[in-house]
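1. Sequence below, structure please.
(4 chains)
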Amino acid sequence: MPYIPHDAAETAAMLAAVGIQRLDQLFDEIPAALQAADMALPEGLSEMALQRELEHRALDNAPLRCFAGAGAYAHHIPAIVWDIASRGEFYSAYTPYQPEASQGTLQVLYEYQSFITRLTGLEVSNASLYDGASGLAEACLMALRIQGGEPAILVPEHLLPSWRRVLDSMLGLQRIRLRSVPYDPDTGTLRLPGDAGGAAALIIPQINGFGVLEAVDALTDWAHAHGLLAIAVVNPLALALLKAPGEWGARGADMAVGEGQPLGIPLTGGGPYFGFLACRKAHVRQLPGRLVAKTVDGQGREGFCLTLQAREQHIRRGKATSNICTNQGLMVTAATIHMAALGGHGLRRTALTCHQRASRLRKHLAALPEVRLPYAGPFFHEFVLRLPRPASAVRDALLGHGILAGVPLADSGLGEAGDLLVCATELLEEADLRAYRDALAAVLETV
Amino acid sequence: MPYIPHDAAETAAMLAAVGIQRLDQLFDEIPAALQAADMALPEGLSEMALQRELEHRALDNAPLRCFAGAGAYAHHIPAIVWDIASRGEFYSAYTPYQPEASQGTLQVLYEYQSFITRLTGLEVSNASLYDGASGLAEACLMALRIQGGEPAILVPEHLLPSWRRVLDSMLGLQRIRLRSVPYDPDTGTLRLPGDAGGAAALIIPQINGFGVLEAVDALTDWAHAHGLLAIAVVNPLALALLKAPGEWGARGADMAVGEGQPLGIPLTGGGPYFGFLACRKAHVRQLPGRLVAKTVDGQGREGFCLTLQAREQHIRRGKATSNICTNQGLMVTAATIHMAALGGHGLRRTALTCHQRASRLRKHLAALPEVRLPYAGPFFHEFVLRLPRPASAVRDALLGHGILAGVPLADSGLGEAGDLLVCATELLEEADLRAYRDALAAVLETV
Amino acid sequence: MSDSIFDHDHHFPAADDPADIPAHLLRQTPLDLPNPAELEVLRHYTRLSQKNFSIDTQFYPLGSCTMKYNPRIAHAMAVLPGFARLHPDTPAPAMQGLLRVLWELQEWLAAVTGMAAVSLTPAAGAQGELAGVAMIRAYHAARGDQGRRKMLIPTAAHGTNPASARMAGFEVVEIPSLADGDLDMEALDRHLGADVAGIMLTNPSTLGVFERRIAEIAGHVHAAGGLLYYDGANLNAILGRVQPGRMGFDVMHLNLHKTFATPHGGGGPGAGAVAVQERLRPFLPLPTVTREAEGAWRWTSEADLPRSIGRLSAHGGNIGVLLRAHAYLRRLGRAGVGRVSVYAALNANYLLKELQRVGYQAAFPERRASHEFILGVSDLQQATGIRALDVAKRLLDFGIHAPTIYFPQLVPECLLIEPTETESKATLDRFVAVMARIRQEALEQPELLRAAPHHLPVGRLDEALAARRLDVAAVR
Amino acid sequence: MSDSIFDHDHHFPAADDPADIPAHLLRQTPLDLPNPAELEVLRHYTRLSQKNFSIDTQFYPLGSCTMKYNPRIAHAMAVLPGFARLHPDTPAPAMQGLLRVLWELQEWLAAVTGMAAVSLTPAAGAQGELAGVAMIRAYHAARGDQGRRKMLIPTAAHGTNPASARMAGFEVVEIPSLADGDLDMEALDRHLGADVAGIMLTNPSTLGVFERRIAEIAGHVHAAGGLLYYDGANLNAILGRVQPGRMGFDVMHLNLHKTFATPHGGGGPGAGAVAVQERLRPFLPLPTVTREAEGAWRWTSEADLPRSIGRLSAHGGNIGVLLRAHAYLRRLGRAGVGRVSVYAALNANYLLKELQRVGYQAAFPERRASHEFILGVSDLQQATGIRALDVAKRLLDFGIHAPTIYFPQLVPECLLIEPTETESKATLDRFVAVMARIRQEALEQPELLRAAPHHLPVGRLDEALAARRLDVAAVR
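-> Next up is the predicted model:
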């Protein structure tokens, strides 16, 4: 019996202790009419057969050189990261509700929080949310709790569409108004509205949905001048290079939220990733999710425990800051090890390499006769190509060359039909960049 | 600097403590003429580039359905086996010379020794040797130490040729005579010589180089009747099904030695595997290699330590039972977990499945018009096909069908040109067996 | 050498700024993260891991959390490069292997729950709850039935239930339980009406017993125009034996990281797939996976489900967790799934009887335990002042993780104990022996318990100080 | 619940015997191995692992063992299915990837050692030694120089040296060292003659210092018709800086599990590649990998090297270990290899100075340490009876593995300390602080040391009892 240890003698002894004769009697309080449904499940497989089947399924996903980004990025993950994170003691532990028996996980989370505060330049980080997009929704709710007043948020039109849809779903449930702020079609950057219209916060995406860098200082100052909180949406790897949200404008952004996946999390078709959320200490009681603090035991030895649990659903129930309970502990464990393994210098070097590779790729591709670059501004590792044919058709054609060429924006309602959001990371060598250029040239001739 | 932590400030401080200015001065006792050779090594790679390169190399080895055996067998290894064995605490520990700090490894070795004694029916097992073949050489040396007298061993002609060559190399150095004992070409089993000719031991391979089972009781009794020790060469997985060496004949074999690879060790092109060697308690002081015993500490708590180290080279130097020092600890760790994971029942079920698959395959193949089975006797999971063309040519042709068809025996001087040693294990499903049959039929028509 | 990663810092020269990004957009102060060597990182986190209790190293009978064995093969399969390196925006033709796996999982979860359709996208139980109640809301709205603002929730429910209901815009009304553990039907009937959208239940309930009148409850709620939400937290108790769909539930979530053996990972990631009856199918969260007539698989989008409650994460959910759940289900198959609840119940009922035998008091002694059960130690508290917390901390000293304590809040000084089906009789027997010893210690040397744990890396931590100081990040 | 796997036994019905194997060939008594559940196995061995000290969890300055960091990437690469699933009898065209890797490793090891040719096949250092001295024997024999029966070996040599020489059929003659650590040249000259096949040396020697007169020694041995064997055990001290081939050695082995960072695995597997000067190439053990003119790789066989000393294992050696060593060398490259000995020497010399500073006595205070060094604690023994063993055991209490003790046997009450290049200054400083404290304890409360270790799963074990009882297998 897979994963069930009992042999017949043990089962018999246990039934006797319970005072029944048959296993069925364990369910004697459940009305018979409800029981023993026949379920349309396949027969079980041995571990060997399972492995064979799933290895075949895995091979049914084509290995591609990845030039797609749009919120999920192919990076090198040092071998130690998942070797450690997969250790049973991390992998099979629960949320650290008994701190004395969970100092490993708790210290990792404390270090994670510390790393995130240093990356973002803010004082407090929670211990993770589900992903960047839902994390942004939580940040908006948090802003509304802090600000009170009219439930409205200013959302840039060129936020990644996949994130915008999550805001629509989650904030729509509470009848929160999302006011779109348009972008300048010439620069691909945010165009500020005349007034804040009573909203609670402005979302400032650095990097935005076109990969272009925004004038974050001015945007932050504008938000603050109009009584809004500034919510920074950031790529954590880019923060090794770019100005930290805590340093944006005169007073710094109030919150920073983002997708943690670039920090050592495999792509895995879209998840599990994790969202990070940092804020000022003044707002910590409105922060959703778990928080770990350092404390001492009776002998004065340092230790770590969950804190401010009164914000959370298991204590505060309907009045909690969020319904979040299980979050993304193992991902955060890996991300913490990843950040330590790269170190501050390694993160910066990786970020620089991404930028350099993307810059070279952009040059290579811009040299092709039919390819345009609609936005000239500075960027990190992602940029828009404007193609003379529908981007999705070009993308599909490039699959045949073993290349995932990028993410067509118009599929999700942003930009023009020919716009392809392209990304390059440190994983791509010069030969890969040239292969992309050559394949794109060939495809543009035929598609 | 990969794997070296020192930054410039630390290096400077350490040099100062040593009392020198430059790193070069650390080598000031080494004559300058010997130093600083320019070596023809490539530049180093980042971990990322290394991974990419070696993944390419790995893909340059064709994935094949494996019907080859001849001492190395493709088996399913439960996922937990190497997940645990690869844990840093096992992986990066040294030989347990400080027992209090090595109870993990020591207890594993004790359990391993226990498992091997139960599989072989003998009283004592060492903690491993390099592989089965060199283990057999050590067993022969051990037999000579026990017996004294003329240095000669009776070796069946149809021992696996790869093993025979190791005996030739290792025993030849000490001028030990290996007297070949022929096999009966009609049955593929050992034909006893008239007399023992003063040899110290008879090697009894169960299973032999043709995959055929020997009449081990009679052979063991013959050896004992002629004053020889009986050295059993066994497949440990087969022992879940076949008579244990300790039960062979009236008194049982004196030693059992074999290749441990079928117990959870990946094929990896030929190693690392491990050799096991079990013997009677009376002979333990002649046993080469490490041995772990249970003992107690000052408070009476049970613990484990290396024992009888006086047999070993680090104590006894030139008079040791063997020069072996480092053995195959990690492989034995994996094998112990593997045996526990399968359990007695699982080992037996696996052995039965191997036998059933091989029996079916043999039937399928024997039905092909040009294929003969030279040996009719009982077998475990390996058998000889006699093909109408050179077996190596047929084997090469089947590679194109994604099949590693077996091991041509004549390449190493055993049997006839058309003899192919074929193996089937639990990994091969009925569809694989049929695929082999169909491909062989096709190849025999064209080669 | 301190135990902090921040002490492993080596200072190497930093790389130059890129010339093509304006200086005002660049980091102003150097990134102050440590730069440890690889061995220092490995050693630090390996040693930290050893400070954790976990299923792989300890018995972990944490009630309501289903700490069963997380098969390592499922992990090995989920990290195969063919899955792990797959970008979420890969077009469907290039990810047929993954899509097929997800589609199969949808089908199997529908079969297990007795529901018509499944969406795998919620990232955890709480997000599944949110999706579930959002669907209830969307359902009523689609019918023009706008006044249903209230969600009924038993007092004993998990805290996520009211929190999720509120996040979906509902008012929460709590319904009490009776002394025998069943729901107070009269209170239910009192609250049912045209303003009630539905009720959130788990069955067996958080009290560790099966809600026997579930068919009646369903009848009443449905008659009042409400829908029934099933909280899958306790599904392990009935897996393969009772389908929530047949109990009358309209919508539910499943905690794949409980019932389907995916790891808890020190607090996630989970996966909170939702399953619905046919009438709620149009509202499922996106994306789901669908099989085309010609046998290929693809993601669904807004075009397929225009009335969907929308998307809860940027991509398709916690795919890696779903892969593990798929592997688990495929390994068990029909027969294996059926055994889960049987042995989970056997272990729970055996443990309950044995613990009663050594002197502990059951909260519901007349009831059959489900997959978990509640003990109360108020008798100890009265005798010596020993609380459930003290018993829990002392258990840690014996290398056993503490049960859940002080939940459900209805039972004073309670321990909620869930052994799961993957623990052996020998392990349970050792737990009973330890609990007997602790009971004796509580009566004879209570100070030993109050000062516990004694044998862990730290003693009982000052949680009040933690909240007061709020040292939540290492500062230079 | 005991800590023995033999207690995790569940009894399930056994499968039937096969009908087509005669009963007298079948197992007569049921196989008496336990049948634990998967979680029981996982938990048992995971917990056992936690009882080990290891590089990944502790500083492990075990002299002569080169306990450096074993990069995990090397492990990840060695277990790629393309390598791990490769049957040894796969024809060369279907294993070009592996053969190329092995060929590259041969080339790189030849470059590192300054030798002409390499065979990777020996399974460990001792088997490499055996291969090496067997080649010396074959060389003399091939020249008809039959009387060379003796192998000279320094008294301080590793025990494997004399044991290997004897296994290769040689008589062993021991040569003493001088007080400054160098070899006694006069004794050497006394023994050199027509009956001497060669000498086995390691340089730096096991005394932790460089043999300064190595060129002279080589001259004398060669003049007497002998060959020089280099024991690669201490290669880490000179890696990338001094090539044994340039010191005059004719043949050597390399411990890939020391110098090239493959794991020790609790006692193996190692890999003991041998490297030789041109004149010994014909005698290399089989197989090696050769590159054909057209760029393909293949194994060599007896046809290529008819005078080979033969084969030492059934297949090509410990391939998985070789893969890891290849990955390590490829990662480091020329510059990285050159840094190994520099920082190994820096760490050793720094540690030596610091330990002298806190009161310990160096065995060779006038000499530069190589990658390791010897302390003697005879002063402590005279003062309080504390022995090297006691210091070693007490170190364990501080989470530091003990150095090698009582080797080399020349220095009484010695500790042989090898920090390796992968340890940080912070780790070394902590070691010094702990050693200082232990020294103080030795003087002030020696009983604390004599009873050590105190904080490990077991106290000092009774090794005499172990040998007397000889309980080496669990019996029912």
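2. Show me the helices in chain A, by range?
-> Per DSSP state H, chain A carries helices over the ranges A:8-18, A:47-59, A:79-85, A:88-91, A:103-120, A:132-147, A:161-172, A:216-225, A:313-316, A:329-366, A:391-399, A:430-446.
3. Output the third one as PDB, restricted to C-alpha atoms.
-> Included here for helix A:79-85 are C-alpha records, laid out as PDB according to Å, rounded to 0.1, in the frame of the first residue of the first chain:
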ATOM      1  CA  ALA A  79      23.100  24.200  -7.700                       C
ATOM      2  CA  ILE A  80      23.200  24.800  -4.000                       C
ATOM      3  CA  VAL A  81      20.000  26.700  -3.900                       C
ATOM      4  CA  TRP A  82      17.500  23.900  -4.400                       C
ATOM      5  CA  ASP A  83      19.900  21.200  -3.000                       C
ATOM      6  CA  ILE A  84      19.400  23.000   0.300                       C
ATOM      7  CA  ALA A  85      15.800  24.200  -0.100                       C
END
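4. Would you pull up the residue in the stretch 101-250 of chain A closest to chain D?
-> Residue of the stretch 101-250 of chain A nearest chain D, by CB to the nearest CB: residue A:104 (11.9 Å). Just so you know, the C-beta spots here come from the backbone N, C-alpha and C atoms, and that holds for glycine as well.
5. Let me fix that, I meant to ask about chain A.
-> residue A:5 (3.3 Å).
6. How about that residue: what's its closest non-neighbour residue?
-> residue D:37 (3.3 Å; CB to CB, 6 or more residues apart in numbering or on different chains).
7. so what's that neighbour up against?
-> A:3-5, C:422, C:424, D:8, D:10 (CB atoms under 8 Å, 6 or more residues apart in numbering or on different chains).
8. that older thread, neighbours of the residue of the stretch 101-250 of chain A closest to chain D, just the number please.
-> 27 (other CB atoms under 10 Å in any protein chain shown).
9. wouldn't it be in contact with residue A:91 here?
-> No: contact criterion CB atoms under 8 Å: residue A:104 and residue A:91 do not qualify, at 11.4 Å.
10. and residue 252, what pLDDT?
-> Since you didn't name a chain, this refers to chain A. pLDDT recorded at residue A:252 is 98.
11. Switch to chain C, please.
-> Value listed for residue C:252 in the pLDDT field: 98.
12. Which residue ranges of the stretch 151-300 of chain C form helices?
-> Remark: helices assigned in the stretch 151-300 of chain C by DSSP state H, counting those that start in this stretch are C:160-167, C:185-191, C:214-223, C:244-247.
13. let me redo that: the stretch 1-150 of chain C
-> Under DSSP H, counting those that start in this stretch, the stretch 1-150 of chain C gives helices at C:38-49, C:72-78, C:81-84, C:96-113, C:125-142.
14. Residue C:352 and chain A, how far apart?
-> Between residue C:352 and chain A the distance is 8 Å, computed by CB to the nearest CB, to the nearest Å.
15. how many other residues sit next to that residue?
-> When neighbours are counted by other CB under 10 Å, residue C:352 registers 26.
16. can you check residue A:168 too?
-> Neighbours around residue A:168, by other CB under 10 Å: 16.
17. Setting the sequence-adjacent residues aside, check what's closest to it.
-> Spatially, and ignoring its direct neighbours in sequence, residue A:168 is nearest to residue C:310 (5.9 Å; CB to CB, 6+ apart).
18. In this structure that neighbour contacts residue A:164, no?
-> No: using CB under 8 Å, residue C:310 makes no contact with residue A:164, being 10.6 Å away.
19. who's more crowded, these two?
-> A count of neighbours by other CB under 10 Å puts residue A:164 above the other of residue C:310 and residue A:164, at 25 against 21.
20. which one is the more buried one nearest to, not counting chain neighbours?
-> Of all residues not flanking residue A:164 in the chain, residue A:155 sits nearest, at 6.7 Å (CB to CB, 6+ apart).
21. Quick check: the one you found vs residue C:89, distance?
-> Residue A:155 sits 22 Å away from residue C:89, taking CB to CB, to the nearest Å as the criterion.
22. cool, and residue A:327?
-> In terms of CB to CB, residue A:327 sits 25 Å off from residue C:89.
23. Who has more neighbours out of those two?
-> Legend: neighbour count by other CB under 10 Å for residue A:327 and residue C:89, higher for residue A:327 (30 against 25).
24. List the contacts of the more buried one.
-> For residue A:327, the contact set (CB under 8 Å, 6+ apart) comprises A:127-130, A:274, A:289-290, C:124, C:267-269.
25. Kindly reformat those as TSV containing distance to chain B, neighbour count and pLDDT.
-> Output for these, formatted as TSV (distance: CB to the nearest CB, whole Å; neighbours: other CB atoms under 10 Å in any protein chain shown; pLDDT from 0 to 100):
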residue	distance to chain B	neighbour count	pLDDT
A:127	26	30	97
A:128	25	31	97
A:129	29	28	97
A:130	27	35	97
A:274	23	30	98
A:289	30	24	95
A:290	28	27	96
C:124	25	30	96
C:267	22	30	95
C:268	21	30	94
C:269	20	31	97
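26. which one among those residues gets closest to residue B:95?
-> Of all these, residue C:267 has the smallest distance to residue B:95: 38.7 Å, by CB to CB.
27. Looks like the closest one contacts residue A:331 (just checking).
-> No: Residue C:267 lies out of contact with residue A:331 (CB under 8 Å); the separation is 10.0 Å.
28. lowest confidence element among the helices and strands of chain A?
-> helix A:313-316 (a mean of 82; mean pLDDT, DSSP states H and E).
29. picking that back up, of the helices of the stretch 151-300 of chain C, which approaches residue D:51 most closely?
-> Per CB to CB, nearest to residue D:51 of these: helix C:160-167, 39.2 Å.
30. buried ones in the longest helix seen in chain C?
-> For chain C, the helix that runs over the most residues, judged by DSSP H, is helix C:319-357. Using 16 or more other CB atoms under 10 Å in any protein chain shown as the test for burial, helix C:319-357 gives C:319-334, C:336-355.
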